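# take this sequence and fold it.
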Amino acid sequence: MPCKIQEALRILEKLRRSGKNFSSICRRYVRPSLTAHSASGFVQNPPQNSGAPSATASAVIAIRIILGKTMCFMNFFGLAVIATIMVPNFIFAATHRDGFENLYKNRIVEFLEQAGRFGCFAFMILNIPVLCRGFWFDGAKTAYFAASSALTVAYLCGWIVFWKENSLRKSIVLSVVPSLLFLESGFFALNIPLIVCAVIFAPCHILISCKNAKMR
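Got it, this is the predicted structure:
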């Protein structure tokens, strides 16, 4: 089988240089639910009535075996989540001019929090090939959508409940929930850059939020 994969990858490189659209090839010739085991059989004994070029099919199968259940480069669900959780932030900033004033002056923590924040935003939307391995166990996709949706709703509810408050509990809820959102999104999708950014962002964001609540 390894020689099959090497041969398929060589074919893939030739096809890539020729400008073939591999997204359309994958959608047309490879079932999304195809596993590595069935893929092996497909490469060795391709269906006679599939109509798929054997070289192309082998190349696509090889990629799926190596990279696993990959995701599209653009995560539109992640984009929708980010857009949704930013809405109350924009409204609050517009109606409370000093609402996001940072009283906790620690440049290192601030830098790490901002770097982690924008990294999470970026990698919630973009899936970097190889570094984002995709849904890596049965039910991961369902868990990803369910957990992300639940945490997004929880975040919006937190804003509604604590809109007029300036308390520690508000800071805890509105910092812990998005941190969990980024962490679970990275975990279920095995998005390594998102996991790294979330691990950096979460403690810094919670610390800054709690410090600011206590200093007001």
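# quick check: buried residues in stretch 120-129?
Within stretch 120-129, the residues that count as buried by 16 or more other CB atoms under 10 Å are Cys120, Phe121, Phe123, Met124, Ile125, Leu126, Asn127. No exception for glycine: its C-beta is placed from N, CA and C like everyone else's.
# nearest to Ile208, of these?
Cys120 (14.8 Å; CB to CB).
# quick check: that closest one vs Arg216, distance?
For Cys120, the distance to Arg216 equals 25 Å [CB to CB, to the nearest Å].
# residue ranges with poor pLDDT in this protein?
1-72 (pLDDT under 70).
# surely Pro129 is in a strand?
No - read with DSSP: H, G, I helix; E, B strand; the rest coil, Pro129 is coil and lies in no strand.
# so it is in contact with Phe73, correct?
Yes - taking CB atoms under 8 Å as the definition, Pro129 is a contact partner of Phe73 at 7.4 Å.
# before we move on, the earlier item: sitting in helices, which of the buried residues of stretch 120-129 do you find?
Using DSSP state H, Cys120, Phe121, Phe123, Met124, Ile125 are the members of the buried residues of stretch 120-129 that sit in helices.
# which members of the residues you listed define the maximum pairwise distance?
Cys120 and Ile125, at 9.8 Å, using CB to CB across those.
# related to what we said a few turns ago, for Leu168, state which of the ones in helices among the buried residues of stretch 120-129 is nearest.
In terms of CB to CB, no member of those lies closer to Leu168 than Cys120, at 23.4 Å.
# ok, the closest one touching Leu194?
Yes - under the criterion of CB under 8 Å, Cys120 makes contact with Leu194 at 6.4 Å.
# need the residues touching each of these two.
Shared contacts of Cys120 and Leu194, defined by CB atoms under 8 Å, 6 or more residues apart in numbering, are found at Phe182.
# who's in contact with the nearest residue to Gly78 once chain neighbours are set aside?
The shortest distance from Gly78 to any residue other than its chain neighbours is 3.9 Å, reached at Met124 (CB to CB, 6 or more residues apart in numbering). Met124 sits next to Asn75, Gly78, Leu79, Val81, Ile82, Phe182, Ser185, Leu194 when contact means CB under 8 Å, 6+ apart.
# got the domain boundaries for this structure?
2-67, 76-215 (automatic domain parsing).
# which secondary structure elements does the helix or strand hosting Ala80 contact?
Per DSSP states H and E: Ala80 is located in helix 76-95. For helix 76-95, the packing partners by 3 or more CB pairs under 8 Å, 6 or more residues apart in numbering; DSSP states H and E come out as helix 107-125, helix 140-162, helix 168-188.
# just the contacts of Met124 now: which is nearest Arg133?
Closest to Arg133, out of all of these and judged by CB to CB, is Leu194, at 11.4 Å.
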